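**Q** Return atomic coordinates for the entry below.
(2 chains)
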Number of protein chains: 2
Amino acid sequence: MSNPLRVAIAGLGTVGSGTLAILRQHEKMLEQRTGRPIRITAISARDKNKKREHTQDLRWVENPIAMASDPEVDVVVELIGGAEGIARELVETALKNGKSVVTANKALIAHHGIALATLAEKTGAVLAFEAAVAGGIPIIKVLRDGLAANNFRRIMGILNGTCNYILTHMQDTQASFDEVLKEAQNLGYAEAEPSFDVDGIDTAHKLAILTSLAFGCAPAIDSIYMEGIRRITLLDMEFADQLGYTIKLLGIASHTNKGIEQRVHPCMVPSDSSLGAVPGVFNAILAEGDAVGNIMFEGRGAGAGPTASSVVADIMDIARGAHYKPFTLPVSSLQSLPFCGMDDLRCSYYLRLNVIDRPGVLAEITTIFKNEHISLRSFMQHSHAPDEPVNLVITTHETQENAMLRALAAIGKLESVKEKPYMIRIENL
Amino acid sequence: MSNPLRVAIAGLGTVGSGTLAILRQHEKMLEQRTGRPIRITAISARDKNKKREHTQDLRWVENPIAMASDPEVDVVVELIGGAEGIARELVETALKNGKSVVTANKALIAHHGIALATLAEKTGAVLAFEAAVAGGIPIIKVLRDGLAANNFRRIMGILNGTCNYILTHMQDTQASFDEVLKEAQNLGYAEAEPSFDVDGIDTAHKLAILTSLAFGCAPAIDSIYMEGIRRITLLDMEFADQLGYTIKLLGIASHTNKGIEQRVHPCMVPSDSSLGAVPGVFNAILAEGDAVGNIMFEGRGAGAGPTASSVVADIMDIARGAHYKPFTLPVSSLQSLPFCGMDDLRCSYYLRLNVIDRPGVLAEITTIFKNEHISLRSFMQHSHAPDEPVNLVITTHETQENAMLRALAAIGKLESVKEKPYMIRIENL
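**A** Residues are numbered from 1 along each chain as shown, chains lettered A, B, ... in the order given. As a prediction, the model looks like this:
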């Protein structure tokens, strides 16, 4: 196995440059660890003329698709991004030609993972995507190898560093969502078009992949309930804090007796819990296995170094002769489990109702809860001027989501309720 | 690869029974995930007549050493324990005969890992010991595979659940070390002879293995500075809390420009840090890689389920055809790096001095610090009756260990100092 593994890199943005840096700076260390030289035999990016480091003496390829049939290439590293277009064509063509592919492209894997895995199985190529989920945390290898003896009940996590940065920073500086988003955009932590991050789409892509690996089913991005963080206010953060909670955007997948439940939404989690304490741009994943119990991983979810750490680990795996299936099980063995809607979800809730405080209001509200068999856990009302709107802060015991939604709809129609009720789900972990 | 992998289990205590349970209860799941049936073809334990679950229809072997040459066995799972005796003989003989070995035996690997790895390399057998470090946390596979692209600067962690339970419980219940130890012994969390755990020996075994994998050198248990938790008092815990710290027993290995530094001792760590918040019997490991940055793993470090999760993951690895070297690099490629003594250590210190509070005492003490170029960071003195001993609580900026020890020796000789000074190192992470 001392013949070199020949690698082509398509896309030289943040992750591509980081990958190039590790492969060139640690060339000897990687060879020693894998028992085989890893050579970069082609690179490609949108703009050839941009000044870049570590590209000297490397062969430049105008059209990355050519890498997929290049006789000097064993592994194509796709770091272009996007579920369609060049990235998809490159990966498809490479796998068809029997070339292994390493990618950090969560959208591509979440949407087309099964089709691509089928291609890979046909030609015996490896399709590896460790960097697609949680950056530097090697959660895909951990689920496939280190925790392989477990039946998983649940996997959940903070999967988007941008959202976690925004939420942490709102709390630390008492600035609003819009202010912190603007600042994050100026610092380069958030995109000019932030929807992908703040509306939960990126988290959903990653969750779809985690669900697949944890429960042995095909990724099903369309079955994910998705809600972002735009509506999180400082007021709710303050009330959360008083209740001992912190607000985090979580992706959660559970294997229930009704099927697989997948959801992405802001959650209140105990501030002193492992997930509640995850700061800034960090990611964290909590898995519950039948043998191992709860196990938690925390690390950087984005950035050149951490993401390239996972890309290069995949390349090293291939250099060592790894031959696993992309989703661990062969495509034909992936189970088709039913996916649950949100109606069946059972959880605890935080509610904030903006009401005129006059006699009878509380009775109206509590009657609605009673009719839906919703049991309250705590109740706070802040001092105010008489006859002015006041915030009622309520937390509930575990109850059914559809009952809660009916109750909120009924409450929203009360004359004394001045704003649409605010609701945030609580995960006590 | 559909011929069964034939496994023999030697030792049916907590971990052995847990391993048996997973292999039998999840037989189909494991076969699906590895593409190959895993069959138990022999079992052995000290007492044949003990009532056990999951042993029906299994072949009992009187002398476990016979497993090492049994033609019906591909993999020997050694769960007997101990660095010498039967465990060592069984593993040596199995490897010599080309049979792969899976073990949870940290003492064996820390003391004889290199000799055993050399045997394994000769015959091409696999020697796997994921369960030897941090129970259910798959840190060995993570260092070898998921973080393989990193050069590590430091690896540290809470590696002994018994000590973490004792320290957490002392703090929670305000009971002394001796009281909590007794309670832990009654609950079965601590051994009747607790030295292995509370004096840091178990942590040192695990640290020696982590050091080897992180830095690519042979395990060197004898180069580890070791101090246990017997001397931790509630008073120091209370002062730590006032300073924002929690006391944890840590194993720490650093790659410094002078060589490898390995130490096991109680540390004050920030209470709100990832390691500071690790509760009860949990283990946690923090690694610092040049690409990935800081990454943290937290999970159960002992018990039937978590440890068996790692044992079975190793068996599955072998079923899938893994052929890695025990310490990742071939024995001949392991570096012989110099190991540093504690003299060169630089860290911050917590000190508690029991002194008679009379004019001039503080001047004597601060003059000693000044002469050793030790810079103080904080200073607390608790109210007291005049002329009675008082606790001076001091924290220092980063300084050299040997200067600190000289200062403490000088302080200990002062007439006004009534007890040997208490010192706990601070890790600000």
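**Q** Over to the residue of chain A positioned farthest from its centre. Which of the three states is it?
**A** Summary for chain A: using CA atoms, centre = their mean, the residue whose C-alpha lies farthest from the chain's mean C-alpha position is A:Pro359, with a distance of 45.9 Å. Secondary structure for A:Pro359, judged by DSSP: H, G, I helix; E, B strand; the rest coil, is coil.
**Q** Can you pull the phi/psi pair for it?
**A** For A:Pro359, the backbone dihedrals (degrees, to the nearest 10) come out as phi -50, psi 140.
**Q** and if you look at the one 10 residues further on?
**A** With angles defined as degrees, to the nearest 10, A:Phe369 shows backbone torsions of phi -60, psi -40.
**Q** My read is that it contacts A:Leu376, right?
**A** Yes. Between A:Phe369 and A:Leu376 there is a contact under CB atoms under 8 Å: 6.4 Å. All C-beta atoms are positioned from the backbone trio N, CA, C, and that covers glycine.
**Q** Looking at the two, which is more packed in?
**A** Neighbours were tallied for A:Phe369 and for A:Leu376 using other CB atoms under 10 Å in any protein chain shown; the higher tally belongs to A:Phe369 (20 against 16).
**Q** residues in contact with the more buried one?
**A** A:Ser375, A:Leu376, A:Thr396, A:Ala407 (CB atoms under 8 Å, 6 or more residues apart in numbering or on different chains).
**Q** ok, now how distant is it from B:Val180?
**A** A:Phe369 sits at a distance of 44 Å from B:Val180 (criterion: CB to CB, to the nearest Å).
**Q** of all the contacts of A:Phe369, which comes closest to chain B?
**A** When the contacts of A:Phe369 are compared for distance to chain B (CB to the nearest CB), A:Thr396 comes out closest, at 26.9 Å.
**Q** residues shared between the contacts of A:Phe369 and A:Leu376?
**A** Common neighbours of A:Phe369 and A:Leu376 are listed as A:Thr396 (criterion: CB under 8 Å, 6+ apart).
**Q** So which bits of the stretch 301-429 of chain A are right by chain B?
**A** Contact residues of the stretch 301-429 of chain A with respect to chain B, defined by CB under 8 Å from any CB of the partner chain, are listed as A:305-306, A:308-310, A:312-313, A:316-317, A:320, A:323-324, A:328-329, A:333.
**Q** Just the buried residues of these.
**A** The neighbour-count criterion (16 or more other CB atoms under 10 Å in any protein chain shown) marks A:305-306, A:308-310, A:312-313, A:316-317, A:320, A:324, A:328-329 among those as buried.
**Q** Adding pLDDT, write those residues out as TSV.
**A** Rendered in TSV, the data for these read as follows (pLDDT from 0 to 100):
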residue	pLDDT
A:Gly305	97
A:Pro306	97
A:Ala308	98
A:Ser309	98
A:Ser310	98
A:Val312	98
A:Ala313	98
A:Met316	98
A:Asp317	97
A:Arg320	95
A:Tyr324	91
A:Thr328	94
A:Leu329	95
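**Q** just the strands in the stretch 51-200 of chain A please.
**A** In chain order, the stretch 51-200 of chain A shows strands spanning A:75-78, A:100-103, A:127-128, A:152-158, with DSSP state E, counting those that start in this stretch as the criterion.
**Q** what packs against the biggest helix by length in chain A?
**A** Under DSSP state H, the helix in chain A containing the largest number of residues is helix A:106-123. Of the remaining helices and strands, those touching helix A:106-123 by 3 or more CB pairs under 8 Å, 6 or more residues apart in numbering or on different chains; DSSP states H and E are helix A:85-96, strand A:100-103, strand A:127-128, helix A:201-215.
**Q** what angle separates it from helix A:201-215?
**A** Angle, helix A:106-123 to helix A:201-215, by axes from the mean of the first three to the mean of the last three CA atoms, to 10 degrees: 40 degrees.
**Q** show me where pLDDT drops low in the stretch 251-400 of chain A?
**A** Per-residue confidence for the stretch 251-400 of chain A (pLDDT under 70) gives these ranges: A:383-384.
**Q** one step back: now, the buried ones among the residues of the stretch 301-429 of chain A next to chain B that are in helices?
**A** Per DSSP H, these map to helices at A:Gly305, A:Pro306, A:Ala308, A:Ser309, A:Ser310, A:Val312, A:Ala313, A:Met316, A:Asp317.
**Q** And A:Tyr350, how far from A:Glu372?
**A** 17 Å.
**Q** Quick check on those two: which one has the bigger neighbour count.
**A** Residue environment comparison for A:Tyr350 versus A:Glu372 gives the larger neighbour count to A:Tyr350, 23 against 18, counting by other CB under 10 Å.
**Q** Give the burial count for A:Thr203, as a bare number.
**A** Around A:Thr203 there are 30 other residues, counting by other CB under 10 Å.
**Q** Pull up the gap between it and chain B, please.
**A** For A:Thr203, the distance to chain B equals 20 Å [CB to the nearest CB, to the nearest Å].
**Q** dump the residue contacts of that residue.
**A** With contacts taken as CB under 8 Å, 6+ apart, A:Thr203 has the following neighbours: A:Leu159, A:Asn160, A:Cys163, A:Met226, A:Leu249, A:Leu250, A:Gly251, A:Val264.
**Q** can you rerun that using 10 Å?
**A** Residues counted as contacts of A:Thr203 (CB atoms under 10 Å, 6 or more residues apart in numbering or on different chains) are A:106, A:157-160, A:162-163, A:196-197, A:224, A:226, A:228-229, A:249-252, A:264-265, A:283.
**Q** now A:Lys420
**A** Each residue near A:Lys420 by CB under 10 Å, 6+ apart is listed here: A:Arg231, A:Leu353, A:Asn354, A:Leu408, A:Ala409, A:Ile411, A:Gly412.
**Q** Now that A:Tyr245 has come up, it's in contact with A:Gly276, right?
**A** Yes. Assessed by CB atoms under 10 Å, A:Tyr245 is found in contact with A:Gly276 at 7.3 Å.
**Q** In terms of packing, which of these two has more residues around it?
**A** More neighbours sit around A:Tyr245 than around the other of A:Tyr245 and A:Gly276, counting by other CB under 10 Å; the figures are 25 against 22.
**Q** now the stretch 1-150 of chain A, which segments are flagged as low pLDDT?
**A** Across the stretch 1-150 of chain A, the stretches falling below the confidence threshold (pLDDT under 70) are A:1.
**Q** Could you verify that A:Thr366 is part of a helix?
**A** Yes. Inclusion of A:Thr366 in a helix is indicated when three-state DSSP is applied.
**Q** I'd assumed A:Phe379 was in contact with it.
**A** Yes. The pair A:Thr366 / A:Phe379 is scored as a contact, 9.2 Å apart, by CB under 10 Å.
**Q** Overlap in contacts, these two.
**A** The overlap between the contact sets of A:Thr366 and A:Phe379 (CB under 10 Å, 6+ apart) consists of A:Ile394.
**Q** Show me the domain layout of chain A.
**A** For chain A, the structural domains run A:5-132, A:139-300, A:345-426, going by automatic domain parsing.
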